[in-house]
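Participant: Whatever this is, show me its structure:
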Amino acid sequence: MHADIATLKEVVCAEVERLAPQLVRASHAIHAHPELNFAEHFAHDLLTDLLDQAGLAPTRHAYGVDTGFEARMGATGPDIAVLCEYDALPGIGHACGHNIIATAGLGAGLAAATVAARVGGRLRILGTPAEEGGGGKIAMARNGAFQGLDAAMMVHPADADLVCMDAIALQFLDVHFHGKAAHAAAAPHEGRNALDAAVLGYVNVAALRQHILPTERVHGIFTAGGDRANIVPAETAMSWIVRSPTIASLQPLKERVLTCLDAGARACGCTMSAAWHGVTYADMIDNGPMVASYVLNAARVGRTVVDPRVMGTPVVGSTDMGNVSYLVPSIHPMLKVAPAGVPIHTQDFAYWAASPDGDRAILDGAKTLAMTIIDLWCQPGLMDSVQAAFAQRPQGVDVL
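Facilitator: All right, here's what the predicted structure looks like:
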């Protein structure tokens, strides 16, 4: 390793250690104040205040998203973004550990900012809300948040140190069934049962699952099922999530799901209305040269990062970071926070996200990201390799 790069990495790691008390305090504060999609006002204000205190003059409410933010530094060189997430889940709070994502990203950005001018690099610290279904990154991207960037990165908590998450494409669907009310005892023949329509639609989708790819997922719930048992339900509703390995393969699967649901409505003499949410999550394309840099830097802080597809322990999910990965070279590695076997999106994981292991992950993640930024700024030929790998992504795909 070039001596200057080695020295720079020591500098940014020392800066993360200096920032450790305030990063851990910020993580615990966000964890104690869970906020849902686009309502992360406490986290937004806390993180931007910390950026202000560091002299980075953040732009609050950035790119048309009220709880988004951006801080920029540097005038020349590769422009690298480190992303922060800070939304929580209904009922179980920070069971995805976004408090760690926010503060590891903040720490990495603040540390890298101390050497940006010295090495000739540019940096953005982006606050990207509403990852849990709201598509905050997509909304910000539509308003230019990722234009001109050379690379983007973040870390995500998990129960292991992994090079990536198996992030597949996703879209949410709301469905309403419309029938005709009637007295269920006196005149059931006059009714058209919207609950039966929803049930048959659900069963149709269950049958469909036999004949989709093993890597595809379709899951749904009933959100309205009628008012009283003695009234034939006139209106019912369901919420669905449809997932497929890529954003391209997602489209035909969506049509098959709609056909199943509509068939249930037709069988019962009902009608159906369906609305796809305005954001589609794309699959994640992890940039190989950036991943390799991250893995080596993680080893410097004592973490062995493995490929879950080789080890047989993939973490399957979806993220709007996938959309970013189609726009700019990106990585989304997983950072061990909890013991093996503790899944994300559970109460158990929420506990570990504010544990001593979670606090240690903040610092290790910040150091590893900051050192990876140093490589992108300074390692000869690395950005060329990053761009060459990025050029191999699928072309002509609309991710916005």
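Participant: wait, doesn't residue 37 sit right on residue 130?
Facilitator: Yes - applying CB atoms under 8 Å, one finds residue 37 in contact with residue 130, separated by 3.9 Å. Placement of C-beta: from N, CA and C, glycine included.
Participant: quick check, residue 218 in a helix?
Facilitator: No - per DSSP: H, G, I helix; E, B strand; the rest coil, residue 218 lies outside any helix segment and is strand.
Participant: check contacts around it.
Facilitator: 205, 208, 209, 212, 240, 241, 242, 243, 253, 257 (CB atoms under 8 Å, 6 or more residues apart in numbering).
Participant: what residues are up against the closest residue to the first one other than its chain neighbours?
Facilitator: Spelled out, it's residue 205. The shortest distance from residue 205 to any residue other than its chain neighbours is 4.7 Å, reached at residue 260 (CB to CB, 6 or more residues apart in numbering). Contacts for residue 260 were tallied using CB under 8 Å, 6+ apart; they are 201, 204, 205, 207, 208.
Participant: Now the buried members of these.
Facilitator: Among those, those buried by neighbour count (16 or more other CB atoms under 10 Å) are 201, 204, 205, 208.
Participant: Reformat those residues as CSV; add secondary structure.
Facilitator: Below are these laid out as CSV (three-state DSSP):
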residue, secondary structure
201, helix
204, helix
205, helix
208, helix
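Participant: Closest one to residue 361 out of those residues, please.
Facilitator: residue 205 (37.7 Å; CB to CB).
Participant: That closest one reaches residue 257, doesn't it?
Facilitator: Yes - applying CB under 8 Å, one finds residue 205 in contact with residue 257, separated by 6.1 Å.
Participant: got any residues that touch both of the two?
Facilitator: Counting by CB under 8 Å, 6+ apart, the contacts common to residue 205 and residue 257 are 218, 240.
Participant: how close does residue 115 get to residue 8?
Facilitator: 5 Å (CB to CB, to the nearest Å).
Participant: for the stretch 51-200 of the chain, what are the low-confidence residue spans?
Facilitator: Within the stretch 51-200 of the chain, no range satisfies pLDDT under 70.
Participant: all strands for it, in order.
Facilitator: Counting by DSSP state E, counting those that start in this stretch, the stretch 51-200 of the chain has strands at residues 59-60, 69-73, 79-84, 122-127, 151-153, 156-158, 166-167, 169-178.
Participant: what's the closest of the ones you listed to residue 26?
Facilitator: strand 79-84 (10.4 Å).
Participant: Within its sheet, name the partner strands of the closest one and how each one runs.
Facilitator: strand 122-127 (parallel), strand 151-153 (parallel) (DSSP bridges).
Participant: Run the angle between it and strand 69-73 for me.
Facilitator: 150 degrees (axes from the mean of the first three to the mean of the last three CA atoms, to 10 degrees).
Participant: Could I get the CA-only coordinates of strand 79-84 as PDB?
Facilitator: Taking C-alpha atoms only, strand 79-84 is exported to PDB below (Å, rounded to 0.1, in the frame of the first residue of the first chain):
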ATOM      1  CA  ASP A  79     -17.100  12.800  -5.900                       C
ATOM      2  CA  ILE A  80     -18.100  10.100  -3.400                       C
ATOM      3  CA  ALA A  81     -21.400   9.900  -1.500                       C
ATOM      4  CA  VAL A  82     -21.800   8.200   1.900                       C
ATOM      5  CA  LEU A  83     -25.500   7.600   2.700                       C
ATOM      6  CA  CYS A  84     -27.300   7.700   6.000                       C
END
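Participant: Fine by me, we can end here.
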